[in-house]
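Pasting the sequence and the predicted model now:
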Amino acid sequence: MGIEPVASAAVIGAEKTGIPSGLALDTRTRRVFWSDVTSRDISVCSYEGTNCQVVVTSTYSHPNFLSFYESKLYWLAGSQGLLHTHDIVEQDTQARNDLTLPTYSHSLKFVHSSLTSPLPLNPCSTLNCSSLCLLTLTSARCACPTGSIPHDSLSQSCLYPTKPTLPLATPATPATLTPVPVVSTPVQPSVLPLKAGED
């Protein structure tokens, strides 16, 4: 569930809110919370800008980095990383000394599977396409690759026409070696006469 786009923007809350220092959305009840450094107030309005009111005033200066999870608001106060909570149902505010964050922390965010939108269902998973599934703007359709033809009207299965096959070349017969007679001429030793005095 997300925020629907609107044609024009509207100011919510008072005309002069001070210095907003944190913003958190409750998407289930369609409310927006914000913290104000000047007044130290944490306020709420509906997405439409109605039912605006102060939820709680922080006892510490500079409430900022507002976050919302389940029924609780969380914020940091000052520069010491002091975490504070306010339970909207119980109307109880606490300084959470057990969750002190590093000095000069610059953000606060809760991550949980319940806070994210589920991934949309992939329309291809239900089509049972044998070859290709093409996504469109609103859905999906099956298709056949080039060289194939649809087997049915939805192209869920594709046929591949038989191609003429080329005859396979017959393997060459291994060459046989025929012995070639080698004609050898006897080598005659050369005799060189020695001159007198040479041995």
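Structure's in. What do you need? Residues are numbered from 1 along each chain as shown.

CA atoms for contacts and neighbours, from now on please.
OK.

Please identify the buried residues of the worst-scoring helix or strand of the chain on mean pLDDT?
Of all the helices and strands that make up the chain, the one with the lowest confidence by mean pLDDT, DSSP states H and E is strand 92-96; it has a mean of 81. Along strand 92-96, these residues count as buried under the neighbour rule (16 or more other CA atoms under 10 Å): 93, 95.

after it, next one along is what?
The C-terminal neighbour of strand 92-96 among helices and strands, as given by DSSP states H and E, is strand 132-135.

So which elements touch the next helix or strand after that next one?
Scanning forward in sequence from strand 132-135, with DSSP H and E defining helices and strands, the next element found is strand 140-143. Counting contacts by 3 or more CA pairs under 8 Å, 6 or more residues apart in numbering; DSSP states H and E, strand 140-143 packs against strand 132-135.

Mind listing what's buried along the strand it packs on?
Of the residues in strand 132-135, those buried by neighbour count under the rule 16+ other CA under 10 Å are 132-133.

Pull the contacting residues for the closest residue to Tyr69 other than its chain neighbours.
Here the nearest residue to Tyr69 in space, its sequence neighbours aside, is Phe110; by CA to CA, 6 or more residues apart in numbering that works out to 7.0 Å. When the contact criterion is CA atoms under 8 Å, 6 or more residues apart in numbering, the partners of Phe110 are 67-69.
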